[in-house]
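Student: next one to model:
(one chain, ligands or ions: 2)
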Amino acid sequence: MVQLVSGQTHHFSNRQCLELGFLAALRSLKTHSVIGLMITASHNKASDNGIKVADPSGGMLTPDWEPFADAIANAATPQHLLQLIDEFVKKENIPFDGVRSAEILLGRDTRPSGESLLEAAKQGINSIVDALAIDMGILTTPQLHWMVRARNKGMKATEVDYYEQLAGSFRCLIDLIPNGQKILEIDDKLVIDGANGVGGEKIEVLKKMLNGLLIEVRNSGKGGGILNEGVGADYVQKEKVVPEGFGSKDVGIRCASLDGDADRLVYFSVPSSNSNIIDLVDGDKILSLFAVFIKEQLSVLRTEGDEKIGDNYQTRFGVIQTAYANGASTDYLKQLGLEVVFTPTGVKYLHEQAARYDIGIYFEANGHGTILFSECFLSWLESRYNELSSKNKELEQHKAALRLLAVSKLINQAVGDALSGLLLVEAILQHMGWSIHNWAELYQDLPSRQLKVKVVDRTAVVTANAETMVVRPPGIQDAINAERIFTCHTAKYPQGRSFIRPSGTEDVIRVYAEASTQEAADSLASSVAKLVDQFLGFGSSR
Ligand SMILES: CC(=O)N[C@H]1[C@@H](OP(=O)(O)O)O[C@H](CO)[C@@H](O)[C@@H]1O
Ligand SMILES: [Mg+2]
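Tutor: Numbers count the residues shown, from 1 in each chain. Ligands and ions are numbered 1, 2, ... in the order given. Model prediction:
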């Protein structure tokens with residue numbers, strides 16, 4: 001099956017790209033908007049490839065069109081393909097009136113296969129209607145999504161516009177720092193692992209437009225390193241060890257890793273020169289940092305200054321996580337008084353949920369996430385800001401409103417974006433006067449372990465409650481509970497939590513466990529993995 005939306009297909013053919021070119025052109029005609037096609041396989045091997053479709057909002061392709069995408073990408077013959085397209089055009093009432101033409105922005109990451117796949121997609125676009133395929137060249141995935149959104153909003157939408165918006169709003173946040181607070185570390189340098197992908201070279205461009213940030217990029221892809229091999233956000237988050245190019249020289253320094261198409265971001269520090277183990281600052285902690293900062297600005301905005309200004313807007317503020325979020329992060333966010341909602345794994349679910357709030361922050365533990373602001377809240381904020389500007393620009397409320405407006409421009413409103421996320425992290429650390437260690441100490445992660453189990457048929461596992469429990473096959477959830485909770489009436493794994501789910505991107509069942517010690521988390525994970533094997537493995541009889 002082809003999974004377009006999450007871009008996880010690992011071996012995409014030119015023919016499939018051509019077909020997705022058709023799809024993008026049809027989607028553009030149907031929505032009367034610009035659509036994006038991004039050739040990338042994200043954090044996967046350099047030899048893999050895939051394609052992501054950006055809808056008019058800059059978000060991912062609407063789920064309604066996924067079955068059509070799957071069907072055409074798997075069409076057996078050209079006749080079958082034409083028949084599928086013909087039926088779909090009729091069903092969706094797609095206009096071929098000659099009045100409007102389709103417009104598709106194309107981008108690709110640095111993979112060797114990207115150029116020919118992009119050409120194939122172009123052919124697909126050009127052959128279906130009088131359509132315009134615009135090749136934007138090598139981009140990060142979030143840059144392409146940002147451009148699609150900006151184009152459809154009638155805003156400036158070139159790559160330079162993207163950098164200018166990020167650099168401008170970053171500068172605004174830095175200029176608003178109270179009493180010029182600075183990070184308390186001896187060395188202010190940030191070292192970035194570019195995963196030997198597109199992110200490194202783009203950061204080099206962005207870096208030139210920034211003041212007050214000392215950045216060194218490693219694994220930029222120029223030094224002959226292989227994309228995502230022993231480097232990048234996925235490797236660092238899963239293995240919790242230093243990536244290639246990092247080591248004892250970096251002890252105590254603030255480091256960050258991007259993934260191969262720069263839509264994931266994690267931070268880390270190297271605690272000791274004697275070991276390659278890192279202190280990981282993952283997506284949950286990025287979410288927590290953003291939440292603390294935004295909560296602070298919202299509460300300043302609500303306090304009354306000398307003068308009572310503006311109406312009282314009830315801001316709906318929520319944070320969205322998945323079952324993979326560390327339990328300690330969820331406890332911390334709840335203690336802050338925030339509304340925490342869980343969705344199944346996959347950013348499309350998190351994004352959809354976050355869009356229900358005035359300010360919705362979502363992050364997967366792996367570092368993919370962003371902050372969404374509702375149009376309604378932003379227009380209230382603009383008018384509040386204008387009102388405060390006309391009274392007294394020195395009021396703290398005025399600054400808080402300006403900070404929130406700057407965040408909404410800095411952070412990518414289309415999809416998770418490592419570059420914009422990184423600038424927001426840096427601005428907030430400077431605002432707080434925090435080092436990476438202060439940030440890491442917001443809460444202590446519970447030790448965790450992830451395992452994969454090969455089974456006969458992973459679709460046999462059906463989950464509920466945002467994947468926290470298994471409803472099929474019968475009996476397995478009871479077995480997991482029995483393992484997790486009690487042995488002879490004593491808690492076997494203090495703070496133990498474990499769940500299983502079928503991966504959407506690999507042919508495995510994933511097992512997650514956390515507990516108060518690493519030994520307990522490891523032991524719980526391996527016991528649950530054994531249960532998975534008993535119930536669903538190749539020797540299973542159930
Ligand atoms: C445990 C984990 O990291 N799962 C990842 C992975 O999905 P799986 O369905 O678990 O294979 O890839 C997805 C797409 O990148 C990402 O959204 C998700 O968080
Ligand atoms: Mg990615």
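Student: and ligand 2, is stretch 356-374 touching that?
Tutor: No - judged by CB under 5 Å from the ion, stretch 356-374 makes no contact with ligand 2; its nearest approach is 6.9 Å. To be clear about C-beta, it is placed using only N, CA and C from the backbone, and glycine gets the same treatment.
Student: using PDB, write down the CA coordinates of the helix or strand hosting S420.
Tutor: Here S420 sits within helix 418-432, counting by DSSP states H and E. The C-alpha trace of helix 418-432 is given here as PDB (Å, rounded to 0.1, in the frame of the first residue of the first chain):
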ATOM      1  CA  ALA A 418      12.800  22.100  12.600                       C
ATOM      2  CA  LEU A 419      14.100  25.500  11.500                       C
ATOM      3  CA  SER A 420      11.300  27.600  12.900                       C
ATOM      4  CA  GLY A 421      11.100  25.400  16.000                       C
ATOM      5  CA  LEU A 422      14.800  25.800  16.600                       C
ATOM      6  CA  LEU A 423      14.600  29.600  16.400                       C
ATOM      7  CA  LEU A 424      11.700  29.600  18.900                       C
ATOM      8  CA  VAL A 425      13.500  27.400  21.300                       C
ATOM      9  CA  GLU A 426      16.600  29.700  21.100                       C
ATOM     10  CA  ALA A 427      14.500  32.800  21.600                       C
ATOM     11  CA  ILE A 428      12.700  31.300  24.600                       C
ATOM     12  CA  LEU A 429      15.900  30.100  26.200                       C
ATOM     13  CA  GLN A 430      17.400  33.600  25.900                       C
ATOM     14  CA  HIS A 431      14.200  35.100  27.200                       C
ATOM     15  CA  MET A 432      14.200  32.900  30.300                       C
END
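Student: tell me the residues of this structure that contact ligand 2?
Tutor: S42, D259, D261, D263.
Student: can you classify the first one by secondary structure?
Tutor: Meaning S42. coil (DSSP: H, G, I helix; E, B strand; the rest coil).
Student: what about it, neighbour count?
Tutor: S42 has 27 neighbours, counted by other CB atoms under 10 Å.
Student: the nearest residue to it once chain neighbours are set aside: neighbour count?
Tutor: Sequence neighbours aside, D261 is the residue nearest to S42 in space, at 4.9 Å (criterion: CB to CB, 6 or more residues apart in numbering). By other CB under 10 Å, the residues close to D261 number 34.
Student: likewise D188?
Tutor: 17.
Student: so what's it closest to, chain neighbours aside?
Tutor: Spatial nearest neighbour of D188, excluding adjacent residues (CB to CB, 6+ apart): L214 at 5.5 Å.
Student: dump the residue contacts of that neighbour.
Tutor: D188, K189, L190 (CB atoms under 8 Å, 6 or more residues apart in numbering).
Student: run the last query once more with 10 Å
Tutor: By CB atoms under 10 Å, 6 or more residues apart in numbering, the residues touching L214 are D187, D188, K189, L190, V191, K207.
Student: can you give me phi and psi for the third one?
Tutor: Here the main-chain torsion angles of K189 (degrees, to the nearest 10) amount to phi -70, psi 140.
Student: for it, which non-adjacent residue is spatially closest?
Tutor: Excluding the flanking residues, the one nearest K189 by CB to CB, 6+ apart is L214, at 4.7 Å.
Student: tell me the pLDDT at the one you found?
Tutor: As predicted, L214 sits at a pLDDT of 92.
Student: phi first, then psi, for it.
Tutor: With angles defined as degrees, to the nearest 10, L214 sits at phi -100, psi 110.
Student: can you pull out the helices in the stretch 1-150 of the chain?
Tutor: Shown for the stretch 1-150 of the chain, the helices assigned by DSSP state H, counting those that start in this stretch span residues 14-31, 66-73, 78-92, 114-128, 141-152.
Student: hey, which of those helices is tucked in deepest?
Tutor: Mean neighbour count (mean count of other CB atoms under 10 Å) peaks for helix 141-152 among these, with a mean of 27.
Student: what angle sits between it and helix 14-31?
Tutor: Between the axes of helix 141-152 and helix 14-31, defined by axes from the mean of the first three to the mean of the last three CA atoms, to 10 degrees, the angle is 30 degrees.
Student: relative to helix 418-432, how tilted is helix 141-152?
Tutor: 90 degrees.
Student: for the protein, which spans come out with low pLDDT?
Tutor: 1-11, 99, 129, 180-187, 304-312, 486-491, 541-542 (pLDDT under 70).
Student: looking at it, what residue ends up closest to ligand 2?
Tutor: Across the chain, no residue is closer to ligand 2 than S42, which sits at 3.2 Å (CB to the ion).
Student: ramachandran coordinates for G367?
Tutor: Per-residue torsions, G367: phi 100, psi 10 (degrees, to the nearest 10).
Student: residues of the stretch 401-542 of the chain that sit close to ligand 1?
Tutor: Neighbours of ligand 1 within the stretch 401-542 of the chain, by CB under 6 Å from any ligand atom: S503, G504, T505, E506, R510.
Student: nearest to N326, of those residues?
Tutor: R510 (15.7 Å; CB to CB).
Student: how about the helix or strand where the closest one lies as CSV, C-alpha atoms only?
Tutor: Assigned by DSSP H and E, R510 belongs to strand 509-514. Taking Å, rounded to 0.1, in the frame of the first residue of the first chain, the C-alpha atoms of strand 509-514 are listed here in CSV:
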residue,chain,number,x,y,z
ILE,A,509,4.3,-4.3,16.3
ARG,A,510,5.8,-1.6,18.4
VAL,A,511,6.2,-2.0,22.2
TYR,A,512,6.6,0.9,24.5
ALA,A,513,7.3,0.7,28.2
GLU,A,514,8.3,3.2,30.9
